[in-house]
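>>> pasting the sequence and the predicted coordinates here, then a few questions.
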Amino acid sequence: MAIATGPRGGYLERPRPSGLADVIDVILDKGLVIDAYVRVSLVGIELLTIDARIVIASVDTYLRFAEAVNRLDIAHDDTTHDLPELFESMTSGGAESKAKGAIEGVKEKLTGDDDDDNGGSSGQRSRSSSRNRSASSSSGSRSRSSSSGRRSGSSSSGSRSRKKSS
Amino acid sequence: MSALYVYGVGQSSKCADVSARGVAGGDVRTVEHKGLAALVSPVEGGALAAAREVRSHWRVLEEACDGATVLPVRFGTVMEDEQAVRDLLLEPNAERLDHALRELEGRVQLTVRGDYNEEQLMRDIVSGSQAVAKLRERIRTLPDEAGYYERIRLGELVAGEVGHRRAADTRLAIEMLEPVATALREEELRQPDAAFNLACLVDRERQDAFGREVRKLADRLGDRIELRYVGPLPPYSFADIDLDTEAAAWA
């Protein structure tokens, strides 16, 4: 395949500094969790977190789509013609819903580009929309049970730990 | 009502001042107790716009971790006041936090993520699996409506093949990187074309050696998988401690 993908350059021996899109998942899912009882509940923060993931993840998705579209100029034989389609139909659930979320998101958010990130996620600022609010009220206020639910969710995500005895 | 947003916990002797603006524009300062320092900034009550504030959270931690070891606190953590930070966070968890900090001392998180080249992955699967190739050929002759279940079946077969390749590629990446990392975690895959996502804890002085292994891994994987090598990051994945539920087990 004639497409030169990332790893060919000499830069790979040095990690590149993180952009927000690279770290959004660890920021939202990892780190010290402080006892739900002693945390002050800020109205809406839990749901706005989901919002943040959608906004930032979809910027990433857009960039990937843009890249994919740009690659299309490369000569095709007839197999390449429908293979991407095949893949897309297999995966469109995720990509589509993400993209859709973002489009809705753009409608509902003020996009203020007040600073730059090398991850390509331009400054997005969100207002708590009516969608968020109704979602927030239906799921109830931040409570011990909701937070433990989130926790069990993240522990079932299958991140396995390997640690060497030091 | 004013409260304190909490970013992370470090050792008070090592935490330098953070110049980055905190969440909602607040000044970042430390609350210290028993040799530990919690990085905090004041916030007013009410909803924070997380999509915006996650950026402040990230910047503060990047800066704080530049020279020191800091345990990142999960995004969106707010405590009532300084007293609460001391009495409810630092005091009851002092030993565990100190222990975790010492384990992470001088180490950084480096993330190595592999994403398949979608087109090539699909080609490999078609050429590597007779079942996929045959079914694909058959579907090509059917009108769209007629091939519905066949297409689902094809997608299922392809997904299975993707799973096998993922497992093999993850194994290879772990085999190559584990010897140069202190600890390694497989993180959740969020993209359909993701091959693997590894959070690696690496000694600062072994970063070059680690980088060379990443390079070798990239050569082994060739054009099939695009690697993203990011860091150094604060040790988010290795500070993933639930102070609530694990408190009893620790005591």
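Arrived safely.
>>> doesn't B:Gly10 belong to a strand?
Yes. Secondary structure assignment places B:Gly10 in a strand (DSSP: H, G, I helix; E, B strand; the rest coil).
>>> ok, what's across the strand from it?
Beta bridges link B:Gly10 to B:Ala37, B:Val70, judged by DSSP bridges.
>>> go ahead and confirm it touches B:Leu36.
Yes. If you go by Cβ atoms under 8 Å, B:Gly10 and B:Leu36 touch, sitting 7.4 Å apart. To be clear about C-beta, it is placed using only N, CA and C from the backbone, and glycine gets the same treatment.
>>> neighbours around B:Asp98, how many?
Counted by other Cβ atoms under 10 Å in any protein chain shown, the residues lying close to B:Asp98 total 16.
>>> so how far is the strand or helix carrying it off the chain centroid?
Using DSSP states H and E, B:Asp98 sits in helix B:91-104. Chain-centre distance of helix B:91-104: 21 Å, with Cα atoms, centre = their mean, to the nearest Å.
>>> so where's the chain uncertain?
Just going to use chain A. Within chain A, the stretches with pLDDT under 70 are A:1-12, A:36-166.
>>> that's the other chain; I wanted chain B
Applying pLDDT under 70 to chain B flags residues B:1, B:45-51, B:244-251.
>>> quick one, domains of it?
What automatic domain parsing lists as the domains of chain B is B:2-105, B:108-237.
>>> which residues do B:Gly10 and B:Leu36 both contact?
Contact criterion Cβ atoms under 8 Å, 6 or more residues apart in numbering or on different chains; residues shared by B:Gly10 and B:Leu36: B:Leu101.
>>> B:Glu145 - how many residues pack around it?
Residues near B:Glu145, counting by other Cβ under 10 Å: 6.
>>> wasn't it part of a helix?
No. Applying three-state DSSP, one finds B:Glu145 to be coil, outside a helix.
>>> next, it: phi, psi?
phi -60, psi -40 (degrees, to the nearest 10).
>>> quick one: it from B:Leu157, how far?
21 Å (Cβ to Cβ, to the nearest Å).
>>> chain B: strands as residue ranges?
B:2-11, B:29-33, B:36-44, B:70-72, B:78-79, B:107-116, B:183-186, B:194-203, B:225-233 (DSSP state E).
>>> need the winner for burial among the ones you listed.
Compared across those, strand B:70-72 shows the largest average neighbour count, a mean of 28 (mean count of other Cβ atoms under 10 Å in any protein chain shown).
>>> sorry, back to before: quick one, the helix holding B:Asp98 and strand B:194-203 angle?
90 degrees (axes from the mean of the first three to the mean of the last three Cα atoms, to 10 degrees).
>>> neighbouring contacts of helix B:91-104?
Contacts of helix B:91-104 (Cβ under 8 Å, 6+ apart): A:166, B:9-11, B:33-36, B:69, B:71, B:90, B:201, B:235, B:238-239, B:241, B:243, B:247, B:250.
>>> just want the angle from that helix to strand B:2-11.
Interaxial angle of helix B:91-104 relative to strand B:2-11 (the same axes, to 10 degrees): 40 degrees.
>>> buried residues in helix B:91-104?
Residues of helix B:91-104 classed as buried: B:93, B:96-98, B:100-101, B:103-104 (neighbour count, 16 or more other Cβ atoms under 10 Å in any protein chain shown).
>>> send me it as CSV with only the CA atoms.
Listed next in CSV are the C-alpha coordinates belonging to helix B:91-104 (Å, rounded to 0.1, in the frame of the first residue of the first chain):
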residue,chain,number,x,y,z
GLU,B,91,-5.4,12.9,56.9
PRO,B,92,-7.3,9.6,56.5
ASN,B,93,-5.4,8.6,53.3
ALA,B,94,-1.9,10.0,54.2
GLU,B,95,-0.2,6.6,54.3
ARG,B,96,-1.7,5.3,51.0
LEU,B,97,-1.1,8.6,49.2
ASP,B,98,2.5,8.7,50.4
HIS,B,99,3.0,5.1,49.4
ALA,B,100,1.5,5.6,45.9
LEU,B,101,3.6,8.7,45.4
ARG,B,102,6.8,6.9,46.4
GLU,B,103,5.9,4.1,43.9
LEU,B,104,5.4,6.6,41.1
